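**Q** here is a sequence together with a model predicted from it:
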Amino acid sequence: MKINIFSIFPSIFELFLETGIVGRAKEKEIIFFKLIDIRDFASDAYGKVDDYPYGGGPGMVMMVKPIVKAMESVEDKGTTYLLSPRGKNFNQEMAKDLSKEKTLSLVCGRYKGVDERVREFVDGEISIGDYILSGGEVAAMVIVEALTRLLPGAVGDVNSVNTDSFEKGLLDAPLYTRPRVFREKEVPEVLLSGNHAEIENWREEEAVKLTRKYRKDIMKN
């Protein structure tokens, strides 16, 4: 899979793309990244990519020309998404769909937002939640991390991915590791029994309980 990321702060991604699952997948050539600095396509020598909004009002607006020129500089863009509060909310199902793309492009906005005409040059918009970020870079990292985990070979144990929260419409069951007892708090006995059928039943029951308690909104019939 190939992902193009358009940003005025591409250096933000450099450490992220070399770390953890994403870094290992990149090293294995399971996924490829291209970082495009939108400032490189500014019309002046100062790399200006924003201006005051027509009609007045607070904040600055990213200009359409540098963004579109940056996108046009990449021959293989695949499906292009603007990271925006207007976008469809990103979730595990969307991550699965996007992970099937051969090439994906993510456009990171900044400031008050992007010139409305930018939307005529993208295929869709994605939001990672109903809150305010300074720009789309953090959202792009969330999407990249979620997608990478789903790519064959990116995670060593595929069962780890298949049992993650949200995979079955439920939160994951409680997890424990050593020590067996910590400040009088013990690991549930069933997990030490060696009876895999009982352990699996316990985990399924606990996953349902936790989801009912904390996230009724994601439960499936």
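**A** All right, it came through fine.
**Q** for this protein, where's the lowest mean pLDDT among helices and strands?
**A** Least confident helix or strand, the chain: helix 158-162 with a mean of 65, by mean pLDDT, DSSP states H and E.
**Q** what is the burial count for Leu210?
**A** Neighbour count for Leu210, taken as other Cβ atoms under 10 Å: 16. Where C-beta positions appear, they are placed from N, C-alpha and C, glycine not excepted.
**Q** typed the wrong thing, it's Asp123
**A** Residues lying near Asp123 (other Cβ under 10 Å) number 12.
**Q** I'd assumed Lys88 was in contact with it.
**A** No. Asp123 lies out of contact with Lys88 (Cβ atoms under 8 Å); the separation is 11.9 Å.
**Q** select the longest helix from the chain.
**A** As assigned by DSSP state H, the longest helix anywhere in the chain is helix 196-214.
**Q** in that one, what's buried?
**A** Ile199, Trp202, Arg203, Glu206, Ala207, Leu210, Thr211 (16 or more other Cβ atoms under 10 Å).
**Q** out of those, who's nearest Arg117?
**A** For those, the minimum distance to Arg117 (Cβ to Cβ) is 42.6 Å, reached by Thr211.
**Q** show me the contacts for that closest one.
**A** Counting by Cβ atoms under 8 Å, 6 or more residues apart in numbering, Thr211 makes contact with Gly169, Leu170, Leu171, Ile218, Met219.
**Q** switch the cut-off to 6 Å
**A** The neighbours of Thr211, taking Cβ atoms under 6 Å, 6 or more residues apart in numbering as the test, are Leu170, Leu171, Met219.
**Q** the second one should be in a strand, yeah?
**A** No. Assessed with DSSP: H, G, I helix; E, B strand; the rest coil, Leu171 is coil; it does not lie in a strand.
**Q** please name the bridge partners of Lys2.
**A** Phe32, Thr103 (DSSP bridges).
**Q** need the pLDDT of it.
**A** Per-residue pLDDT puts Lys2 at 98.
**Q** downstream of the least confident helix or strand of the chain, the next helix or strand is which one?
**A** Counting by DSSP states H and E, the next helix or strand C-terminal to helix 158-162 is strand 181-182.
**Q** would you list the strands that that following strand pairs with, along with their directions?
**A** Short version: by DSSP bridges, strand 181-182 pairs with strand 185-186 (antiparallel).
**Q** number of nearby residues for Ser105?
**A** There are 23 residues near Ser105, going by other Cβ under 10 Å.
**Q** element containing it?
**A** Element membership for Ser105 (DSSP H and E) is strand 103-108.
**Q** check the offset of that strand from the chain's centre.
**A** Put simply, strand 103-108 sits 11 Å off its chain's centre (Cα atoms, centre = their mean, to the nearest Å).
**Q** quick one: average confidence on that strand?
**A** In this model, strand 103-108 has an average pLDDT of 98.
**Q** list the contacts of that strand.
**A** 2-7, 76-83, 135-137, 140.
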